[in-house]
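Student: Could you look at this predicted model? Sequence included:
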Amino acid sequence: MSSRDAAFAEYFAARADAMRGTAYLLCGDWHRAEDLVQTAFTKLYLAWDRLARLDALDAYTRQVVVRTFVSETRRGWFRRVTVGDLPVDRAAVPAGSPEDRQVLLTALARVPARQRAVLVLRYWEDLSVRETAEALGCSEGTVKSQAARGLSALRGLVVEQREVAW
């Protein structure tokens with residue numbers, strides 16, 4: 001194994017799980033998240049020799065994951081199958097429970113892709129507005145407006161799901 005391949009394998013082993021978590025928050029599906037991460041790391045491997053700033057490797061990889069997600073969403077490469085609403089009998093859920101997490105993840109999956117990408121980068125990855133804008137290739141103003149719209153949409157969806165659950 002060449003030193004190039006060894007360095008890439010080491011980076012992949014160290015960062016793949018974190019990138020998979022980010023991808024999951026973007027798409028809401030572990031299988032699709034795995035596909036996004038594999039695509040991102042394939043692109044990263046192809047560009048490995050050209051990457052001059054290895055200190056910014058996480059930011060670059062995260063940017064590739066997010067852009068791949070947004071690109072696939074725009075092109076409609078994935079298919080969703082809706083089975084329909086089944087009546088569910090649920091008891092009231094206490095705050096901070098695993099059910100709250102599931103409600104949040106389900107609501108996040110219904111937020112438009114670009115807004116979801118901004119929310120994940122800003123509030124899960126804890127990137128600044130500037131860093132988020134760089135990752136998405138847009139202006140800081142766009143990040144701010146997409147974050148505001150995304151949070152508003154997310155709040156409405158969480159309330160809607162809570163009302164259904166009650």
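Tutor: Nice, I can see it.

Student: what bits of the chain have low per-residue confidence?
Tutor: 52-54, 75-96, 162-166 (pLDDT under 70).

Student: residues touching the spatially most central residue of it, list them.
Tutor: A centroid search over the chain (C-alpha atoms, centre = their mean) returns L26, at 2.4 Å, as the residue closest to the centre. L26 makes contact with 33, 36, 65-66, 69, 113, 116-117, 120 under the criterion C-beta atoms under 8 Å, 6 or more residues apart in numbering. Using the backbone N, CA and C atoms, a C-beta is placed for each residue, glycine as well.

Student: Let's see which of those end up in helices.
Tutor: Judged by DSSP state H, the contacts of L26 include 33, 36, 65-66, 69, 113, 116-117 as members of helices.

Student: Please state the offset of stretch 149-166 from the chain centre?
Tutor: Counting by C-alpha atoms, centre = their mean, to the nearest Å, stretch 149-166 is centred 19 Å from the centre of its parent chain.

Student: how much space between F8 and V65?
Tutor: In this structure, F8 and V65 are separated by 16 Å, where distance is defined by C-beta to C-beta, to the nearest Å.

Student: Those two: which is more packed in?
Tutor: Set side by side, F8 and V65 give different neighbour counts by other C-beta atoms under 10 Å, the larger being at V65 (27 against 16).

Student: just how off-centre is stretch 23-30 within its chain?
Tutor: Computed by C-alpha atoms, centre = their mean, the separation of stretch 23-30 from the middle of its chain amounts to 6 Å.

Student: Identify each buried residue in stretch 49-69, please.
Tutor: By neighbour count with 16 or more other C-beta atoms under 10 Å, stretch 49-69 contains the buried residues 60-69.

Student: Stretch 126-134 too?
Tutor: Applying a neighbour-count criterion of 16+ other C-beta under 10 Å, one finds 127, 129, 131-134 buried in stretch 126-134.

Student: Pull out the CA atoms of stretch 98-107 and give them to me as PDB.
Tutor: Only the C-alpha atoms of stretch 98-107 are listed here, as PDB (Å, rounded to 0.1, in the frame of the first residue of the first chain):
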ATOM      1  CA  PRO A  98     -36.000   9.100  22.600                       C
ATOM      2  CA  GLU A  99     -39.400   9.700  21.000                       C
ATOM      3  CA  ASP A 100     -38.600  13.500  21.000                       C
ATOM      4  CA  ARG A 101     -35.500  12.700  19.000                       C
ATOM      5  CA  GLN A 102     -37.500  10.700  16.500                       C
ATOM      6  CA  VAL A 103     -40.100  13.400  16.200                       C
ATOM      7  CA  LEU A 104     -37.300  15.900  15.500                       C
ATOM      8  CA  LEU A 105     -35.500  13.700  13.000                       C
ATOM      9  CA  THR A 106     -38.800  13.000  11.200                       C
ATOM     10  CA  ALA A 107     -39.600  16.700  11.000                       C
END
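
Student: Thanks a lot, catch you later.
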